[in-house]
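[1] Sequence first, then the predicted structure:
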Amino acid sequence: MEQDDSGEDRVLQPVSTDENGLDENYYKHGADYWSTVPATVDGMLGGFGYISHTDIQGSEAFLKSIFKLKHAPGRKRAVDCGAGIGRITKLLLQRYFDKVDLVEQNSAFLKEAQTYLGGSKHVDQMYCQGLQNFKPEEETYDVIWCQWVLGQLKDHDFVHFMKANIKGLKENGVIVVKENVTSSGEVEEDKQDASVTRSEEALLDLLTGPSGLRVVREMKQPRFPKGLFPVRMYALRPVNNPKTDASKDKKE
């Protein structure tokens, strides 16, 4: 976080996106929905707050497996994309990284995050903008964490977001994607919050096709209640990075 002249923490404000040709009506629909959601853990998880502990356990096991890669990412800086009130930052990322940035379009969520995170010395900048607009500075992050948020992006914005993230990775950095996938194999639309749940095939097609990424670790989230969408986790690296080619991404 940055501070204003009074010394108070302030949230970085969104940049104008009019020139980017984005479908602002589409993204406004989603933003309007989330503006009605309470800034609580239960709100962030769509009323399924009770799964938070199990979710974090699965994510932690996956993150530890990433740190066992032959060319493991560093632990200096991560970013929590679609951070909400900072649940993942608080319960996971700040325990493993010196600094964590948050990206979240809802200013009320980020305001609550400042309280929820309790002035953690590990939390740095908070960016108030949608992921369709987020472009990290080059070679900034060891881990870019994207969880339960990519369904808000249209396919072409999904690809642009991932390409921007590639530029934001440090050497040996990884992008982590944790998302619901449909059991039917179809892409299912939720008109209420202007999101989609992609099939695993559709998700991987976007990630490993036009986005220019390859999977170096993957895992299914264990022990979620029956009736919920399956959840998959992927650690990804750029295809064209010879320093971390597929033959080197093995456990030590």
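    Sure, I can see it.

[2] Spell out which helix or strand contains the most centrally placed residue in the chain, please.
    Nearest to the mean C-alpha position of the chain, by C-alpha atoms, centre = their mean, lies Cys146 at 1.6 Å. Secondary-structure element containing Cys146, defined by DSSP states H and E: strand 141-147.

[3] what residues are up against the nearest residue to the residue nearest to the centre of the chain once chain neighbours are set aside?
    Nearest residue to Cys146, sequence neighbours excluded (C-beta to C-beta, 6 or more residues apart in numbering): Cys81, at 4.5 Å. The C-beta positions use only the backbone N, C-alpha and C, and glycine is treated the same way. By C-beta atoms under 8 Å, 6 or more residues apart in numbering, the contact set of Cys81 is 103, 131, 134, 144-147, 149.

[4] and the two most separated of these?
    Phe134 and Gln147 (14.7 Å; C-beta to C-beta).

[5] quick one: the longest strand belonging to the chain to strand 141-147, angle?
    Taking residue count as the measure and DSSP state E as the definition, the longest strand of the chain comes out as strand 169-180. Orientation check (axes from the mean of the first three to the mean of the last three C-alpha atoms, to 10 degrees): strand 169-180 against strand 141-147 gives 10 degrees.

[6] for the very next helix or strand once past strand 169-180, the distance to its chain's centre please.
    Of the helices and strands lying after strand 169-180 in sequence (DSSP H and E), the nearest is strand 188-190. Taking C-alpha atoms, centre = their mean, to the nearest Å, one finds the center of strand 188-190 at 20 Å from the center of the full chain.

[7] From Val174, how far off is Gly168?
    Counting by C-beta to C-beta, to the nearest Å, the gap between Gly168 and Val174 amounts to 12 Å.

[8] Pull up the overlap in contacts between those two.
    Ile144.

[9] Who has more neighbours out of those two?
    Between Gly168 and Val174, counted using other C-beta atoms under 10 Å, the more crowded position is Val174 (29 against 18).

[10] can you pull up the bridge partners for the more buried one?
    When bridges are taken as DSSP bridges, the partners of Val174 come out as Val143.

[11] Please look at it and Ile66 and confirm they touch.
    Yes - using C-beta atoms under 8 Å, Val174 makes contact with Ile66 at a distance of 6.0 Å.

[12] Which neighbours do those two have in common?
    In terms of C-beta under 8 Å, 6+ apart, Val174 and Ile66 are both contacted by the residues 73, 143, 235.

[13] For the last one, which non-adjacent residue is closest in space?
    Distances taken as C-beta to C-beta, 6+ apart put Arg217 closest to Ala235, at 3.9 Å, once the chain neighbours are dropped.

[14] Secondary structure element holding that neighbour?
    Taking DSSP H and E as the criterion, Arg217 maps to strand 213-220.

[15] partner strands of that strand, parallel or antiparallel?
    Paired strands of strand 213-220, with direction, are strand 231-238 (antiparallel) (DSSP bridges).

[16] mean confidence for the partner strand?
    For strand 231-238, mean pLDDT rounds to 98.

[17] contact partners of that strand?
    Applying C-beta under 8 Å, 6+ apart, the external contacts of strand 231-238 come out as 55, 58-59, 62, 65-66, 69, 166, 169, 173-181, 200, 203-204, 207-208, 212-221, 224, 244, 249.
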